[in-house]
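Chemist: Only the shape, not the letters, is given here:
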Ligand SMILES: [Zn+2]
């Protein structure tokens with residue numbers, strides 16, 4: 001009978017991890033979009049960005065060790081501390097036995113308060129279960145983050161298109177315009193030239209055009 005983390009702590013913790021992973025996924029998708037390049041919606045680009053972002057999510061996979069932190073705290077560390085202080089691991093009742101009982105033997109009477117066996121709590125280890133819990137956070141956060149990142153990039157491209165169209169109304173001899181993508185993809189450029197139209201080349205292909 002190991003004590004369990006309160007549901008509010010457990011779900012609050014997982015929700016916080018999800019929000020953090022979602023923010024990471026969104027920024028990762030924007031960076032990958034900047035690296036892949038392209039302008040507007042092209043299926044091949046979208047697939048590349050999705051694959052790249054999911055690969056980027058692998059970088060936060062060690063978060064698996066954090067996903068079960070409330071379980072580790074309530075299920076192990078707290079009972080372990082109580083045990084070392086001679087208290088019931090489950091309910092913290094002070095043991096009244098004159099001598100500390102031998103762990104794991106039948107001579108240990110159960111806790112008079114809650115009936116839990118007076119035994120040393122099992123050691124905590126992040127296992128496949130923790131990895132599965134982490135996957136439940138990371139995979140949806142990666143998918144939603146990719147969608148959010150691509151949406152922000154598409155809005156950024158639409159804003160650039162409106163900007164260029166407005167500039168052409170002002171000056172019909174306009175030949176080219178470019179500006180960086182929105183942060184965190186500002187290392188890559190959005191371009192427009194009168195001859196080739198709109199493009200979002202990857203950073204190593206971005207020509208630095210002097211005005
Ligand atoms: Zn107890």
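Modeler: Perfect, thanks for sending it. Everything numeric in this text was worked out from a predicted model, so none of it was measured.

Chemist: now for the lowest-mean-pLDDT helix or strand in the chain, which elements pack on it?
Modeler: Sorting the helices and strands of the chain by mean pLDDT, DSSP states H and E puts helix 64-67 at the bottom, at a mean of 77. If you count contacts as 3 or more Cβ pairs under 8 Å, 6 or more residues apart in numbering; DSSP states H and E, helix 64-67 packs onto helix 7-36, helix 128-170. Bear in mind the C-beta positions are built from the backbone N, C-alpha and C, glycine included.

Chemist: by contact count, what packs against the next helix-or-strand element following the first one?
Modeler: Moving toward the C-terminus from helix 7-36, the first helix or strand encountered (DSSP states H and E) is helix 43-57. Counting contacts by 3+ Cβ pairs under 8 Å, 6+ apart, the secondary-structure elements packed against helix 43-57 are helix 7-36, helix 128-170.

Chemist: now helix 43-57 against helix 128-170, angle please.
Modeler: On the basis of axes from the mean of the first three to the mean of the last three Cα atoms, to 10 degrees, helix 43-57 is oriented at 140 degrees to helix 128-170.

Chemist: relative to helix 7-36, how tilted is helix 43-57?
Modeler: Inter-element angle recorded for helix 43-57 and helix 7-36: 130 degrees (by the same axes, to 10 degrees).

Chemist: now what about helix 43-57, what contacts it?
Modeler: 21, 24-25, 28-29, 31-33, 35-38, 138-139, 141-142, 145-146, 149-150 (Cβ atoms under 8 Å, 6 or more residues apart in numbering).

Chemist: next one: stretch 22-41
Modeler: Residues outside stretch 22-41 that contact it (Cβ under 8 Å, 6+ apart) are 45, 48-50, 52-53, 56-57, 60, 141-146, 148-150, 152-154, 157, 181-182, 184-188, 190, 198-203, 205.

Chemist: Taking those, please make a ChimeraX selection of just the buried ones.
Modeler: Buried members of the contacts of stretch 22-41, defined by 16 or more other Cβ atoms under 10 Å, are picked up in ChimeraX with:
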select :45,48,49,50,52,53,56,57,60,141,142,143,144,145,146,148,149,150,152,153,157,181,182,185,188,190,199,200,201
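
Chemist: Tell me the residues on this structure that lie near the ion, please.
Modeler: 88, 90, 91, 93, 111, 113, 114, 116 (Cβ under 5 Å from the ion).

Chemist: would you turn those into a markdown table with neighbour count and secondary structure?
Modeler: Formatted as a markdown table, the residues of the chain next to the ion follow (neighbours: other Cβ atoms under 10 Å; DSSP: H, G, I helix; E, B strand; the rest coil):
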| residue | neighbour count | secondary structure |
| --- | --- | --- |
| 88 | 21 | coil |
| 90 | 23 | coil |
| 91 | 15 | coil |
| 93 | 16 | coil |
| 111 | 19 | coil |
| 113 | 12 | coil |
| 114 | 14 | coil |
| 116 | 17 | coil |
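
Chemist: Alright, that wraps it up for me.
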